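Peer 1: with the input below, show me the fold.
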Amino acid sequence: RRRSFFIRINCFLTLIFKDKKYEDKYILLLCLSLTLLIQYNQMFSSLGELTCKRMPFQLCNIGSYLMLITLLTKNERLYQFNLIINVAGGLIAAVMMDVEGKGLFYLWNMHYLVEHNNVIVTPILCMLLNMFRPLRGVDYKYFVRNFTFYWLFILVLGTILNGVKDITGNDYFQVNYLFMFMREATEKIVSFVGPWFDIQIHIGPFTLYPIVQLAVLLGFIAIGSIVFIAFIGLFRKRKILI
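Peer 2: Residues are numbered from 1 along each chain as shown. Alright, predicted model coming up:
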């Protein structure tokens with residue numbers, strides 16, 4: 001039902017704006033991107049919490065910034081990152097959403113669903129409205145390269161921050177970016193990966209979880225590859241406007 005909701009939103013907006021001027025389409029997408037950015041940053045004022053785990057480095061959270069940057073710079077490679085990775089990540093997050101026994105209409109569960117809906121809708125709508133060129137087979141290597149670079153950045157950053165947390169005992173530094181650093185939190189979402197955290201590599205106060213972290217890399221590349229192939233087929237004949 002959640003997937004059909006995303007489809008209906010895209011179809012509705014596409015139907016309204018498909019014959020509009022370029023400027024109208026661009027304003028629509030900018031408004032959606034700004035809405036996404038506001039949705040994410042609302043958490044800081046509402047929770048009154050500004051810790052490392054709230055930094056926008058989680059996959060869908062970073063999309064709230066990158067989508068706006070993409071539209072302002074009209075960068076195709078950055079757009080492809082949003083289209084493939086954030087659509088894949090957003091769909092996974094929506095399907096595997098944990099309402100924690102509070103129901104779908106609990107404030108933060110609704111916030112979670114609306115934000116991830118926007119993460120999915122905005123880049124797809126860019127393609128449906130012909131605002132970026134369709135994906136080509138040659139773009140696959142850029143998808144793999146860009147996600148691997150992002151994964152390496154998160155691996156290094158998360159390992160350092162959690163190491164600092166262990167050194168200082170200050171939970172301010174504790175993070176679970178890409179769900180590959182904290183066993184208990186990750187098990188709530190994907191229960192079978194728990195034992196994988198038992199395999200560890202220690203470098204002083206810093207800890208790596210090679211099985212979990214490699215599984216995240218390969219898993220997202222596999223899911224992203226499926227999304228990539230789907231978009232190749234769906235948008236092959238689209239024309240570029242930007």
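
Peer 1: can you pull out the helices in the chain?
Peer 2: Using DSSP state H, the helices of the chain run over 2-17, 22-47, 59-73, 76-81, 87-95, 107-128, 140-168, 183-187, 210-234.

Peer 1: and the most centrally placed residue in the chain, what does it touch?
Peer 2: Nearest to the mean C-alpha position of the chain, by C-alpha atoms, centre = their mean, lies residue 60 at 2.4 Å. By C-beta atoms under 8 Å, 6 or more residues apart in numbering, the contact list for residue 60 reads 86, 89-90, 93, 115-116, 119. C-beta here means a position set from N, CA and C on the backbone, and glycine is covered the same way.

Peer 1: closest to residue 50 out of those?
Peer 2: Residue 50 lies nearest to residue 115 out of these, by C-beta to C-beta, at 18.0 Å.

Peer 1: so how many other residues sit close to the nearest residue to that closest one once chain neighbours are set aside?
Peer 2: Leaving aside its sequence neighbours, residue 115 sits nearest to residue 39 (C-beta to C-beta, 6 or more residues apart in numbering; 4.7 Å). Counted with other C-beta atoms under 10 Å, residues neighbouring residue 39 total 18.

Peer 1: same check on residue 185?
Peer 2: For residue 185, the tally of surrounding residues (other C-beta under 10 Å) stands at 12.

Peer 1: also residue 22?
Peer 2: Using other C-beta under 10 Å, residue 22 has 12 other residues around it.

Peer 1: also residue 69?
Peer 2: For residue 69, the count of nearby residues is 14 (other C-beta under 10 Å).

Peer 1: so it makes contact with residue 77?
Peer 2: No. Counting by C-beta atoms under 8 Å, residue 69 stays clear of residue 77, with 11.7 Å between them.

Peer 1: if I pick residue 126, what's in contact with it?
Peer 2: Taking C-beta under 8 Å, 6+ apart, we find residue 126 in contact with 29, 71, 79, 83, 132.

Peer 1: hmm, back to that, what does the pLDDT read for the residue nearest to residue 115?
Peer 2: On pLDDT, residue 39 comes in at 76.

Peer 1: where does pLDDT dip in the chain?
Peer 2: 1-11, 43-49, 94-111, 236-242 (pLDDT under 70).

Peer 1: that older thread, out of the contacts of residue 126, which is most surrounded?
Peer 2: Neighbour max across the contacts of residue 126 (other C-beta under 10 Å) = residue 83, 28 neighbours.

Peer 1: so the residue of the chain positioned farthest from its centre versus residue 180, what's the distance?
Peer 2: Here the centre of the chain is the reference, and by C-alpha atoms, centre = their mean the most remote residue is residue 204, at 31.3 Å. Here the criterion is C-beta to C-beta, to the nearest Å. By it, residue 204 lies 19 Å from residue 180.

Peer 1: now do residue 210
Peer 2: 10 Å.

Peer 1: so those two - more neighbours on which side?
Peer 2: residue 180 (24 against 11).

Peer 1: how much space between that one and residue 151?
Peer 2: Distance from residue 180 to residue 151, counting by C-beta to C-beta: 9 Å.

Peer 1: cool, and residue 198?
Peer 2: Distance from residue 198 to residue 151, by C-beta to C-beta: 22 Å.

Peer 1: of the two, who's got more company?
Peer 2: A direct count of neighbours by other C-beta under 10 Å for residue 198 and residue 151 places residue 151 higher, at 21 against 10.

Peer 1: okay, now the residue nearest to that one when sequence neighbours are not counted: neighbour count?
Peer 2: Nearest residue to residue 151, sequence neighbours excluded (C-beta to C-beta, 6+ apart): residue 217, at 5.0 Å. Neighbour count of residue 217, defined by other C-beta under 10 Å: 19.
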